[in-house]
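> Pasting a predicted model and its sequence here:
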Amino acid sequence: MKTNLNIIGVLLVLAFGCVNGTKKESENVKKVKHITAADILGNPKYLAISYGGYRQKTRDIQPTIAELKDDMKILSAMGIKILRTYNVQLQQAPNLLKAISELKAEDSNFEMYVMLGAWIDCQNAWTDIAPNHDVESEQNAEEIDRTVALAKAYPDIVKVIAVGNEAMVRWATSYFVRPNVVLKWVNYLQALKKEGELPKDLWITSSDDFSSWGGGDASYHTEDLEQLIKAVDYISMHTYPMHNTHYNSEFWLIPENEMHLSASEKVESAMQRALKFSRKQHDSVTNYMKSLGVNKPVHIGETGWSTVSNGHYGTNGSRATDEYKSGRYHELMRNWTTKAEISCFYFEAFDEQWKDSHNAKGSENHFGLINLKGQAKYALWDLVDRGVFIGLTRDGNPITKTYNGNKKALMEDVLVPPSIVEVGVSH
């Protein structure tokens, strides 16, 4: 009888343990699956990237679900787990969410989240009529409604909503709005969270140039901007040293005290200055935010480096664009932001030729880390070597290296930036 009681006791313990173990395991699984923006933004395990899947010279030809799924598999292989999109006016964003949902259904381990962008315009934007920057477009309300609907439909994927893309910066002359417009929609979305219409852990932001966030010209320091900074869950700022190699070139030019360096040393020094340029812009936004008594995350919503330019940034300009410099900038930015726990939505995953459809060598067409032939640019050569793309294709093409992997040939296209002496800049 004693033995039987012991056996029964052991069985009860095992049964109880199994039940508790199953319950605990279930809770752990639930915790793993319920990922929030707070969990992934700034988390080095969740690399971010800006994404557009357009292959053709016009966005009238939308990427298919199958094409989007191929892209997601490629990005997942790269370690990317957060995407940034730009609008929901076109079908790409809804189809992307559907594609990710299907991939998750096919493989429970597949993980991809989205920072869903809602495009914001001023009145008369992109028309023959002069834009009215003080009045918003009537289409904005519809865009926000579509964004809300998608966030509700895919709460397991959409973790952030960004109201506008470079919608407040004044050099966006075709469409920019005043900060009060962006503030209006951020407050609207925050109210929906409080009412339970949107998940309470969904983060709301706006993605804009560092200057729009108060990091540059003091003329941007308005009451509406202060209220916006207090209203968003975090700041998403853009920084582009590549563009500034033309518009604000002093940091880029080879100084007199480096004229004795070799060509490769001059290039490396210039890329280090480019990194410093971006870090300084990030600091300027952070410092302005803190001057308002606000302390919240400041992530990088966009930064990147084009590989081709027949304009301001190429041979006859600042000599900034080539695959080596692009790859080096990507490496420097990833190293810094990962260590600093800053999310960096690197711009961008794939080349898109619609951006400057009438100029094949326009820089806007060549910011991708992978080109339209499915070739990984220099920034990703190490991933090709590691075999992460084996079995994956883009438009039927396996992911191979540009230049056939010949670094010597790649380096022949690298130009040394102009010097201060060469352009006649004096101090």
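Looks like it came in fine.
> I'd say residue 350 and residue 366 touch.
No - using Cβ atoms under 8 Å, residue 350 is not in contact with residue 366; the gap is 10.6 Å. Using the backbone N, CA and C atoms, a C-beta is placed for each residue, glycine as well.
> okay, those two: which has more neighbours?
More neighbours surround residue 366 than the other of residue 350 and residue 366, with 25 against 22 (other Cβ atoms under 10 Å).
> Could I get the full set of helices for the stretch 251-400 of the chain?
According to DSSP state H, counting those that start in this stretch, the stretch 251-400 of the chain carries its helices in the segments 263-291, 323-340, 381-386.
> Relative to the whole chain's centre, how far out is the first one?
Read it as helix 263-291. Computed by Cα atoms, centre = their mean, to the nearest Å, the separation of helix 263-291 from the middle of its chain amounts to 18 Å.
> So which bits of it are buried?
Using 16 or more other Cβ atoms under 10 Å as the test for burial, helix 263-291 gives 266-267, 270-271, 273-275, 277-279, 281-282, 284-286, 288-289.
> who does that helix touch, helix- and strand-wise?
In terms of contacts (3 or more Cβ pairs under 8 Å, 6 or more residues apart in numbering; DSSP states H and E), helix 263-291 is packed against strand 235-238, helix 241-247, strand 298-303, helix 323-340.
> how big is the angle separating the longest one from strand 298-303?
With axes from the mean of the first three to the mean of the last three Cα atoms, to 10 degrees as the criterion, the two stretches helix 323-340 and strand 298-303 enclose an angle of 160 degrees.
> what's near enough to touch residue 418?
Contacts for residue 418 were tallied using Cβ atoms under 8 Å, 6 or more residues apart in numbering; they are 249, 252-254, 318-319.
> Strands along the stretch 1-150 of the chain, start to end?
Taking DSSP state E, counting those that start in this stretch to define them, one finds strands in the stretch 1-150 of the chain at 47-50, 80-84, 113-118, 122-123, 132-136.
> Any chance of CSV for those strands, columns mean pLDDT, distance to residue 176 and mean neighbour count?
Output for the strands of the stretch 1-150 of the chain, formatted as CSV (pLDDT from 0 to 100; distance: least, Cβ to Cβ, whole Å; neighbours: other Cβ atoms under 10 Å):
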stretch, mean pLDDT, distance to residue 176, mean neighbour count
strand 47-50, 98, 20, 22
strand 80-84, 98, 19, 23
strand 113-118, 98, 15, 26
strand 122-123, 98, 6, 20
strand 132-136, 98, 6, 16
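> Please state the offset of stretch 379-398 from the chain centre?
The answer for stretch 379-398 is 21 Å, by Cα atoms, centre = their mean.
> same thing with stretch 357-374?
Distance, centroid of stretch 357-374 to centroid of chain: 17 Å (Cα atoms, centre = their mean).
> Would you mind checking the average pLDDT for it?
Stretch 357-374 shows a mean pLDDT of 98.
> before we move on, what about stretch 336-345?
The model assigns stretch 336-345 a mean pLDDT of 98.
> Spit out the contact partners of residue 230.
292, 294.
> which stretches of the stretch 51-200 of the chain form helices?
Under DSSP H, counting those that start in this stretch, the stretch 51-200 of the chain gives helices at 65-77, 92-106, 139-153, 179-194.
> Let me have the ones you listed in TSV, extended by distance to residue 241.
Below are the helices of the stretch 51-200 of the chain laid out as TSV (distance: least, Cβ to Cβ, whole Å):
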stretch	distance to residue 241
helix 65-77	24
helix 92-106	28
helix 139-153	31
helix 179-194	25
